[in-house]
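**Q** here is a sequence together with a model predicted from it:
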Amino acid sequence: MKQVQLRFYEELNDFLPPALRKADISHRCDRRASVKDMIEAFGVPHTEVDVILVNGRSVDFSYIVQDGDRISVYPVFESFDISPLLRLHPKPLRTPAFVLDSNLGRLARYLRLLGFDCLYQNDYDDDAVATIAHSEPRIVLTRDRALLQRKIITRGYFVRAVQPRQQVREVLARFDLYRLVNPFRRCIRCNGLLRAVDKQTIKDRLEPKTRQYIDSFRICSSCGQIYWQGSHHVRSLRLIEELTKT
């Protein structure tokens, strides 16, 4: 029987029951276990962890826990230089790209409105999300801890907020995306890129008043949805201002 002590730091405590937060945790283990398995046994997804210290030494997820170990588990560091330590996340994607599970449809639409590459379908199951995240690669956004515990997912984030507009602000802050906001470049329906289109080539698809008063249009390169600056555009601008207010 192995006896170890663990402590989780900062926002990793969000995943723990109140009695275990910001405290040393005594834990007994009667089997051979990696530190990754032990951490996730407490409900903390490995995608949320960036540094693990065992007895003051930096280790990776494959480390096999030993009797008497003192394990410190840290989240992603944004403001501190931890270059001497073994970071467990791969380098950030040069251009952030996301895949969202089936419960985050409104968040996907809002992020697309702000110009971010977000794959989402309401029939994605966990296997599909994990496969897409691994093969492309993409960052998984989810409120399902079990999904983030899949080994093939190396980039992921558990969205804490419940309300979609709060979720947007949370994701923008977590991944430092405010400077990358580029509205109206993606289709909010399918994620395709928008391009300018000549009015004459789409006039048969327009309502009479739209055809009469609007001259500038864009079209989705993937699904063919048409966009223009009508009354809805003003509402979208107000929404963008609200979502990106820091």
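**A** Done, it's in.

**Q** report the rounded mean pLDDT for the lengthiest helix in the chain.
**A** If you go by DSSP state H, the chain has its longest helix at helix 231-243. Mean per-residue pLDDT for helix 231-243: 91.

**Q** name the residues of that helix that are buried.
**A** 236, 239-240, 243 (16 or more other C-beta atoms under 10 Å). Just so you know, the C-beta spots here come from the backbone N, C-alpha and C atoms, and that holds for glycine as well.

**Q** then stretch 114-122?
**A** So, applying 16+ other C-beta under 10 Å, buried residues of stretch 114-122: 114-120.

**Q** try stretch 35-45
**A** Those would be 35-40, 42, 44-45, for stretch 35-45 by 16+ other C-beta under 10 Å.

**Q** so which of these sit within helices?
**A** Short answer: the buried residues of stretch 35-45 in helices (DSSP H) are 35-40.

**Q** where exactly do the strands run in this structure?
**A** Ranges of strands in the chain, per DSSP state E, are 2-8, 25-29, 49-54, 57-59, 70-75, 97-100, 117-119, 139-142, 156-158, 194-197, 217-220, 226-227.

**Q** now the angle from the fifth one to strand 49-54?
**A** The one in question is strand 70-75. 170 degrees (axes from the mean of the first three to the mean of the last three C-alpha atoms, to 10 degrees).

**Q** what strands flank strand 70-75, and is each parallel or antiparallel?
**A** Within its sheet, strand 70-75 is paired with strand 2-8 (parallel), strand 49-54 (antiparallel), according to DSSP bridges.

**Q** circling back to that earlier point, how about the buried residues of stretch 114-122 in JSON lines, adding pLDDT?
**A** Shown next, in JSON lines, are the buried residues of stretch 114-122 (pLDDT from 0 to 100):
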{"residue": "L114", "pLDDT": "97"}
{"residue": "G115", "pLDDT": "97"}
{"residue": "F116", "pLDDT": "97"}
{"residue": "D117", "pLDDT": "98"}
{"residue": "C118", "pLDDT": "98"}
{"residue": "L119", "pLDDT": "98"}
{"residue": "Y120", "pLDDT": "98"}
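
**Q** brilliant, that's me finished.
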